[in-house]
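In: here is my input, please return the structure:
(chains A and B)
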Amino acid sequence: MINSDIVRGHLEAIILRLIIEEDRYGYEISNCIKERTNSIFQIKEATLYSVVKRLEEKNLIESYVGTKTHGGQRRYFQITVLGKAYYREKIKEWQELKGVLETLLEE
Amino acid sequence: MKQIENFVKNTFKNYPKDKREELIQSITEMLTEKVEDLMEKGFEEQAAIDKTVLEFGTIEDYDSKPVKINRKLKRQKSLRHYKNDMIFSSIGTLIIIGMLIFSNLTYTEGVIWFVLPGLAVLWWPLATLYRYLNKSESVKEKKDE
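Out: Down below sits the predicted model:
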């Protein structure tokens, strides 16, 4: 289990990435994260919603109410143009950070 | 789904008022979606609600700042209150002692008796001063931490 403190700075990028792939709703995002990491990293709903809220306030994503295949209503999130640009910036940042950490921590 | 709404309301009850209603509404909505999803996967309603509530985390997972800000505001307010108490009691004491001196001089000239009751009244502002000093000391200690 990975503590969400060390991932905190990259949560925005992770969530943007998932929303860029396709429009998703809240629980789908946390489910995706859990499945893709084989439950090694699980995001708490509270953390997820605060990040989503922040992204929405910064106009990086937009929400709309859509219907699900089985009828129920879901609030879906979709990426904005600004969000895509922000995501590319974040990826660049991550590549740099990865390089730095590799140089500093690997033996 | 009332259970979910109550849980969210309770979790965010100390959140700043201006954003609270909107926040409670949107989080309740998202958690309800989760409960519905879990039920589609075959969970009983109660089990799905329990799982959702357990996995939600705490308000610190949401945002650790607003709770602290809230506490700070309360603290400053009470310190100001203690100051007001002091001002109020000082003015009150001045008025009472003034009245004592006035009636002493008007009705029983020659016998000075106002000192003792005046001394007794003085304990009122002294007590508020004591409490104010105590309070500001504890605020200082907390800041140093």
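In: list the contacts for the closest residue to chain A within chain B?
Out: Residue nearest to chain A within chain B: residue B:57 (3.4 Å; Cβ to the nearest Cβ). All C-beta atoms are positioned from the backbone trio N, CA, C, and that covers glycine. For residue B:57, the contact set (Cβ atoms under 8 Å, 6 or more residues apart in numbering or on different chains) comprises A:44, A:45, A:46, A:47.
In: list the buried residues for the helix or strand the third one falls within?
Out: Per DSSP states H and E: residue A:46 is located in helix A:45-57. Neighbour counts over helix A:45-57 (16 or more other Cβ atoms under 10 Å in any protein chain shown) mark A:45, A:46, A:47, A:48, A:49, A:50, A:51, A:52, A:53, A:55, A:56 as buried.
In: just checking, what packs against the lowest-mean-pLDDT helix or strand in chain B?
Out: Using mean pLDDT, DSSP states H and E, the weakest-scoring helix or strand in chain B turns out to be helix B:59-62, at a mean of 78. Under the contact criterion of 3 or more Cβ pairs under 8 Å, 6 or more residues apart in numbering or on different chains; DSSP states H and E, helix B:59-62 touches helix A:45-57.
In: and the helix it packs on, what does it pack onto?
Out: Contacting helix A:45-57 under the criterion 3+ Cβ pairs under 8 Å, 6+ apart are the following elements: helix A:11-21, helix A:26-36, strand A:61-67, helix B:17-40, helix B:45-56, helix B:59-62.
In: starting at the chain centroid, how far to it?
Out: 9 Å (Cα atoms, centre = their mean, to the nearest Å).
In: export the helices and strands packed on helix A:45-57 as a markdown table, with columns for distance to residue B:8.
Out: Below are these laid out as a markdown table (distance: least, Cβ to Cβ, whole Å):
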| stretch | distance to residue B:8 |
| --- | --- |
| helix A:11-21 | 21 |
| helix A:26-36 | 13 |
| strand A:61-67 | 18 |
| helix B:17-40 | 5 |
| helix B:45-56 | 8 |
| helix B:59-62 | 10 |
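In: what's the least confident stretch among those?
Out: Of all the helices and strands packed on helix A:45-57, the minimum mean pLDDT falls on helix B:59-62 (a mean of 78).
In: run through who's touching it.
Out: Contacts of helix B:59-62 with the rest of the structure, by Cβ under 8 Å, 6+ apart, involve A:4, A:44, A:46, A:47, A:49, A:50, B:11, B:12, B:14, B:15, B:67.
In: kindly report the same for stretch B:119-133.
Out: With Cβ under 8 Å, 6+ apart, stretch B:119-133 has contacts from B:79, B:82-83, B:85-86, B:88-90, B:92-93, B:96-97, B:100.
In: just give me the least confident of those.
Out: Of all the contacts of stretch B:119-133, residue B:79 has the smallest pLDDT value, namely 82.
In: would you confirm that it contacts residue B:139?
Out: Yes. Counting by Cβ atoms under 8 Å, residue B:139 is a contact partner of residue B:79 at 6.1 Å.
In: nearest to chain B: which residue in chain A?
Out: For chain A, the residue closest to chain B is residue A:44, as judged by Cβ to the nearest Cβ, at 3.4 Å.
In: nearest residue to that residue in space, please, no chain neighbours.
Out: residue B:57 (3.4 Å; Cβ to Cβ, 6 or more residues apart in numbering or on different chains).
In: need phi/psi at that neighbour.
Out: Dihedral pair for residue B:57: phi 90, psi -160, per degrees, to the nearest 10.
In: residue A:2 belongs to a strand?
Out: No. According to DSSP: H, G, I helix; E, B strand; the rest coil, residue A:2 belongs to no strand; its state is coil.
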